[in-house]
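>>> Would you be able to build a 3D model of this:
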Amino acid sequence: MIGEARNNAVVRPGLMRLAVLAFTGALLISMGCLVSAHAEQPNGQNLDIDVKPAQIVILVDQSGSIRQEDMIREQNAASLLAQSELSTRSTVSIVGFASDSGSKPPVDVVCPPLLLTGAPERERIAQCIGGLRKRAAAEGHGTDHAEALKQAMSYLGQGSPADGPKLVFLLTDGVLDVSDSPRYGVDKTAQQRNDAAQQVIRQTLDVARDKGVQIWPLGFGKVDKNALDQFAAGGFQGSCGPSVPKPSATVVSTSEDVTGALLRSFSSGRCVGVGSVTNSQLGSGRDIEVPVTIPAIATDGSIIVVKNDSRISVEYIDPQGQPVSKSGESASGKFQASGENSAVEVLRVVNPAPGDWKVRVTSPPEVPPQNVLTAVTWQGAAQAVLHVDPPSPAVGQQVTVSLKVVLRGGKPVVRPELLQGLSFTAEMAGENVPARPITLQDNGQNPDDAADGTFTGRLTIPADAQQGVSLRGRVTGLGISAADAIANVTIAPQLPTVLATTTLPTLSSTVEPGDSLPATATISNNSGQRQRIQIGVQADGDAAITVPAEKAVHEVDPGTTTVNFDMAFGSTSPEGATTGVIRIVDAADPSRILHEKSFTVEVGYPFPWLRWIAGTALGAGLIVFALILVARRRDQEVEGLVVEAIRDGHRVSLQTAAQKAKQFRFTVDTSGPVPRLNIAEVTEPVAFVLTRSRKGLRLKTPFDGARTMQLGQEVDLGDGLTIVVLDPAYGDGQEPVSVGGGTPDDLYSPPGPQQSQDPLL
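As a prediction, this is how the structure comes out:
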């Protein structure tokens, strides 16, 4: 007999499945809590920041000394540079050059200046590269660097370096040779012609230097290294930062090294970060996966694949392991591919997901083995942010200057590893005030509060600055494109009578959304009368930070007063590093700023494992609640139960309806030696009615009232008839029973496979 204890204790199969689902949900809840504790959210400000545009001219040697394989590598290198350019406001020109034959000019403009606004323009670059070719003798197959540089300067002579870099990349395998060019004198000797071309080169380099044009020569083969050095040194000597090389010439031993060397020159000249250049062997009919890494500082990137054969296909996989579209947008960035049908393919990504990407390259069986090159370039579009405290100092007063950088989207850069190699500089200048640098540091030593990505320094306002000064902050280096910050400072006629300083939380402070951090302000009131000051906060990005009204306004008596206030972070504040400015003003005249200071804190959860525990506990509670509800409902349902009628040793079975029902109506025909069970219609008055509750079963008979019973309990109804109700889910060696009635037990066969005896299945 199966008793009441068994009836209430066993977990049924459907209930177990629900428990598993509920427990899985609990884990997802807890994991979601843990992940969100470290998620970085975009801040929504500075969405229009773009990397600075560039004007680029690529000069490609087409002289007779070029081998065919060298020409192909020059084409690939030029295509690589042009397509991987990051700004949609940049222009790229590609010019082939040899020498003047008398009937054909020395330069071939295969790609006139083209604004890279979108995929069609980049695709055009990939196609027009094919116009580069080795010159035949009758076409002029010498090497005229002079005319090549003049052609480049005709495109780059306008604007200033402040508008963005202006770059010439010169790819050549030889030395200047215009010995047979009538352009430099019909009756001149070969040496006189070459000397005349040298004079043109010197004049062109002078113009390049004045116009801010950098020249980056790349030579291979039998080149004149001294001449290439003169090209580099003769142009503009700008740089991406103190630690970044100025224009220089590079000579490689073979043309196979052209791509890597050119990318390094491109990095220094264009101020882009460049990852490792990987050469991989791709077999026929095979595929390879090559990793590339995009750092968190990147807002724009280009994944480069030099595949050499247009039939080779490329797939790009984001850090989450998901293939991305070559045109469109997803959580991993906004994508735009070019060069798919050429030897060089580039995927440009805006706002890429940082981390390890993969490039999957696949070769059809008919393509011979190839050497495939992969690389990635990137840049962070940013804005330098400068703060001066106090904003209006007097002559002789010491001021504190702080400089930080904020990426597109308002996300501050605070991680030290992302700032390595970057230079934070500031200088002061003004009328009658010579420019002077301001030493900045981010080491947590006075005047810097903490190593948090904000660089701080001090200066004293000089006596000759009575007309005001201008402060300029600049963040430079490879991988960053930051607009300068400028602060125009008005000089106060005398030392302010009310001074203020603050002690603020630092990056080591972590605050939960909806919580507060304490801060302190020290007010020096030298006015001789009570003053009323007001404390406010301006947050960068989407962080909702306020100073509660009851602690924002303070009355300060003459002398020194210390006041405490709270920085309250709204519940909607995104997690991650958050920056902003605390500002103290004259409450009677809020435009009169007494003090302002930037801060950086971490918004998140100090102990994320507590959230995991809380999430798990919540999930467990949901499981228990779900089990209780289902058990209660299940205890009232007769779904799946089996009614057996026993008479004179004969046993027949009838299974209840499959749908969830709270009663089961059936009839018993005892007119023959073998009883017959049948499902009764609702309208049939003479029927047995089986119901269920947490206390057990209740069987209402058509002739003598109701009987209470338990599962497996045989109930004698008289006239030799016994009824027993079973639940197949309990097992205990019972065979599954048939659906339907009226089948004698000696003719019965199970309708399906034997039921498992494990009550958890």
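
>>> Export stretch 332-344 to CSV, keeping only CA atoms.
Written as CSV, here are the backbone C-alpha positions of stretch 332-344 (Å, rounded to 0.1, in the frame of the first residue of the first chain):
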residue,chain,number,x,y,z
SER,A,332,29.9,44.8,-30.9
GLY,A,333,30.1,48.0,-33.1
LYS,A,334,29.1,49.5,-36.4
PHE,A,335,30.7,47.8,-39.4
GLN,A,336,31.8,48.7,-42.9
ALA,A,337,33.9,46.4,-45.1
SER,A,338,35.7,47.2,-48.2
GLY,A,339,38.0,45.4,-50.6
GLU,A,340,36.2,42.0,-50.4
ASN,A,341,36.8,41.4,-54.1
SER,A,342,40.4,42.6,-54.1
ALA,A,343,43.7,41.4,-52.6
VAL,A,344,43.3,43.6,-49.4
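
>>> chain center to that stretch, what's the gap?
18 Å (CA atoms, centre = their mean, to the nearest Å).

>>> Show me which residues of that stretch are buried.
332-340, 342-344 (16 or more other CB atoms under 10 Å). For glycine as for every other residue, the C-beta is placed from the backbone atoms N, C-alpha and C.

>>> State the pair within those that is farthest apart.
Spanning the widest gap among the buried residues of stretch 332-344 are S332 and A343, at 26.2 Å by CB to CB.

>>> tell me the domain ranges of the chain?
273-493, 496-606, 609-636, 637-747 (automatic domain parsing).

>>> is it possible to export the ones you listed to CSV including distance to G131?
Formatted as CSV, the domains of the chain follow (distance: least, CB to CB, whole Å):
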stretch, distance to G131
domain 273-493, 13
domain 496-606, 47
domain 609-636, 61
domain 637-747, 75
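
>>> Take the ones you listed and write them to CSV, including mean pLDDT and distance to A232.
CSV is the format used below for the domains of the chain (pLDDT from 0 to 100; distance: least, CB to CB, whole Å):
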stretch, mean pLDDT, distance to A232
domain 273-493, 93, 18
domain 496-606, 92, 40
domain 609-636, 59, 56
domain 637-747, 76, 84
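
>>> quick one, phi/psi of the most centrally placed residue in the chain?
The centroid of the chain falls nearest to A353 when counting by CA atoms, centre = their mean (2.3 Å). For A353, the backbone dihedrals (degrees, to the nearest 10) come out as phi -70, psi 130.

>>> what's near enough to touch the residue nearest to it when sequence neighbours are not counted?
In space, and not counting its chain neighbours, A353 is closest to S332: 4.1 Å by CB to CB, 6 or more residues apart in numbering. Residues near S332 by CB atoms under 8 Å, 6 or more residues apart in numbering: 318-320, 322, 324, 349, 352-353.

>>> Among these, name the ones in strands.
Under the assignment DSSP state E, those contribute V349 to strands.

>>> now, which of the contacts of S332 sits nearest I545?
Taking CB to CB as the measure, I545 lies nearest A353 of the contacts of S332, at 27.3 Å.

>>> ok so, going back, list the residues that contact the residue nearest to the centre of the chain.
By CB under 8 Å, 6+ apart, the contact list for A353 reads 294, 318-320, 331-333.

>>> Could I have the buried ones of these as ChimeraX selection syntax?
Buried residues among the contacts of A353 (16+ other CB under 10 Å), as a ChimeraX selection:
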select :294,318,332,333
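
>>> Columns distance to Q531 on top of the contacts of A353, output as TSV?
Formatted as TSV, these follow (distance: CB to CB, whole Å):
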residue	distance to Q531
I294	52
D318	56
P319	54
Q320	56
A331	51
S332	54
G333	52
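
>>> Widest-spaced pair of the contacts of A353?
Maximum distance among the contacts of A353 (CB to CB): 14.2 Å, for I294 and A331.

>>> surely V168 meets F236?
No. If you go by CB atoms under 8 Å, V168 and F236 don't touch, sitting 9.9 Å apart.

>>> Now the common contact residues for these two.
The contact sets of V168 and F236 overlap at 208, 213-214 (CB under 8 Å, 6+ apart).

>>> Pick out whichever of the contacts of A353 sits closest to L471.
For the contacts of A353, the closest approach to L471 (CB to CB) belongs to I294, at 33.6 Å.

>>> Does that closest one touch P352 like I think?
Yes. Using CB under 8 Å, I294 is in contact with P352, at 4.9 Å.

>>> Quickly list what's touching both of those two.
In contact with both I294 and P352: 301, 378, using CB under 8 Å, 6+ apart.

>>> Can you show me the CA trace of stretch 518-525 as PDB?
Listed next in PDB are the C-alpha coordinates belonging to stretch 518-525 (Å, rounded to 0.1, in the frame of the first residue of the first chain):
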ATOM      1  CA  PRO A 518      31.000  61.800   2.000                       C
ATOM      2  CA  ALA A 519      33.100  64.800   1.100                       C
ATOM      3  CA  THR A 520      34.500  67.800   3.000                       C
ATOM      4  CA  ALA A 521      34.900  71.500   2.100                       C
ATOM      5  CA  THR A 522      37.200  74.000   3.900                       C
ATOM      6  CA  ILE A 523      36.200  77.600   3.600                       C
ATOM      7  CA  SER A 524      38.500  80.500   4.500                       C
ATOM      8  CA  ASN A 525      36.400  83.600   5.000                       C
END
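
>>> before we move on, the earlier item: from the contacts of A353, which single one is nearest M71?
Nearest to M71 among those, with distances taken as CB to CB, is I294, at 32.1 Å.

>>> Can you pick out the residue with more neighbours from V168 and F236?
Between V168 and F236, counted using other CB atoms under 10 Å, the more crowded position is V168 (30 against 21).

>>> ok, the more buried one to P217 distance?
Distance, V168 to P217, by CB to CB, to the nearest Å: 9 Å.

>>> same thing with L459?
Applying CB to CB to L459 and P217 gives a distance of 41 Å.

>>> neighbour count winner among those two?
P217 (26 against 21).

>>> what helix or strand does Q230 sit in?
Taking DSSP states H and E as the definition, one finds Q230 inside helix 225-234.

>>> again, but for R73
R73 is part of helix 68-84, with elements assigned from DSSP H and E.

>>> next helix or strand past that helix?
Counting by DSSP H and E, what follows helix 68-84 is strand 91-97.

>>> Let's see the helix or strand just after that next one as CSV, backbone CA atoms only.
Counting by DSSP H and E, the next helix or strand C-terminal to strand 91-97 is strand 107-115. Only the C-alpha atoms of strand 107-115 are listed here, as CSV (Å, rounded to 0.1, in the frame of the first residue of the first chain):
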residue,chain,number,x,y,z
VAL,A,107,53.2,60.9,-62.7
ASP,A,108,50.1,58.8,-63.1
VAL,A,109,47.3,59.9,-60.8
VAL,A,110,45.5,56.6,-60.4
CYS,A,111,43.4,57.8,-57.4
PRO,A,112,42.7,61.5,-57.3
PRO,A,113,41.9,63.0,-53.9
LEU,A,114,38.9,61.1,-52.6
LEU,A,115,36.9,61.9,-49.4
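
>>> Sheet-wise, list the partners of the helix or strand containing T377 with their directions.
Using DSSP H and E, T377 maps to strand 370-389. Strand 370-389 has the following strand partners under DSSP bridges: strand 273-274 (antiparallel), strand 278-282 (antiparallel), strand 300-306 (antiparallel), strand 398-407 (antiparallel), strand 480-483 (parallel).

>>> residues of the helix or strand harbouring A521 that come out buried?
When secondary structure is defined by DSSP H and E, A521 falls within strand 516-525. With burial defined by 16+ other CB under 10 Å, the residues of strand 516-525 counted as buried are 516-517, 519, 521, 523-525.
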